[in-house]
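Peer 1: model the structure of this input:
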Amino acid sequence: MTIDDPDISKRKLRALIIDDNEHMRALLHRLLHRMSIESSEYADGSAALEVVETVMPDFILSDLTMEFMDGISFVRAIRKSTNEKVQTIPVIMITGTRTAIGSKGPGMSVRTRFW
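Peer 2: Predicted structure coming up:
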């Protein structure tokens, strides 16, 4: 699929959300839903890897650090897929860490990187 693909304007975009944090999955789902983007959520890379070919998302949002299969291992696996379309799905890595913000206590820092 390319930006010039005429089919993309005729349907909703689809995304996979991969994150071991249930709250982050729900947050990302709500954000995508508000942009009319359909999403499927998975708690780790191995679960998402099992369905990526059938779902064929337009892009993937993945946590970097997860149990079982982390984000980097997931990207390596789809880039080695025998399906050329799966190999080229854009992946955006998301990771969050707790940080202290001023004197008001802990906060959340979220970082992203496109793979």
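Peer 1: list of residues touching stretch 71-85?
Peer 2: With contact meaning Cβ atoms under 8 Å, 6 or more residues apart in numbering, stretch 71-85 is reached by 1, 18, 45-46, 48-49, 52-53, 56, 60, 62-65, 69, 86-87, 89, 91, 93, 95, 115. All C-beta spots, glycine's among them, are computed from the backbone N, C-alpha and C.
Peer 1: then stretch 33-47?
Peer 2: In contact with stretch 33-47 (Cβ under 8 Å, 6+ apart) are residues 12-20, 22, 25, 28-29, 32, 48, 51, 55, 57, 62, 66-71, 73-74, 77.
Peer 1: what do you get if the cut-off is 6 Å, keeping everything else the same?
Peer 2: Residues outside stretch 33-47 that contact it (Cβ atoms under 6 Å, 6 or more residues apart in numbering): 12-18, 20, 25, 29, 32, 48, 55, 66, 68-69, 73-74.
Peer 1: from the chain's centroid, how far away is it?
Peer 2: 7 Å (Cα atoms, centre = their mean, to the nearest Å).
Peer 1: endpoints of it, how far apart?
Peer 2: 22 Å (Cα to Cα, to the nearest Å).
Peer 1: list the buried residues of it.
Peer 2: Of all the residues in stretch 33-47, those buried under the rule 16 or more other Cβ atoms under 10 Å are I37, S39, E41, Y42, A43, D44, G45, S46.
Peer 1: now do the closest residue to D63 other than its chain neighbours: how many residues are near it, please.
Peer 2: Spatially, and ignoring its direct neighbours in sequence, D63 is nearest to D19 (4.1 Å; Cβ to Cβ, 6 or more residues apart in numbering). D19 is flanked by 26 other residues according to other Cβ atoms under 10 Å.
Peer 1: out of the contacts of stretch 71-85, which are inside strands?
Peer 2: The strands, defined by DSSP state E, take in I18, I60, S62, D63, V91, M93, T95 from the contacts of stretch 71-85.
Peer 1: let me see the ranges of the helices in the protein.
Peer 2: 22-34, 45-55, 71-79, 84-87 (DSSP state H).
Peer 1: for I17, give the beta-bridge partners.
Peer 2: When bridges are called by DSSP bridges, I17 pairs up with E41, L61.
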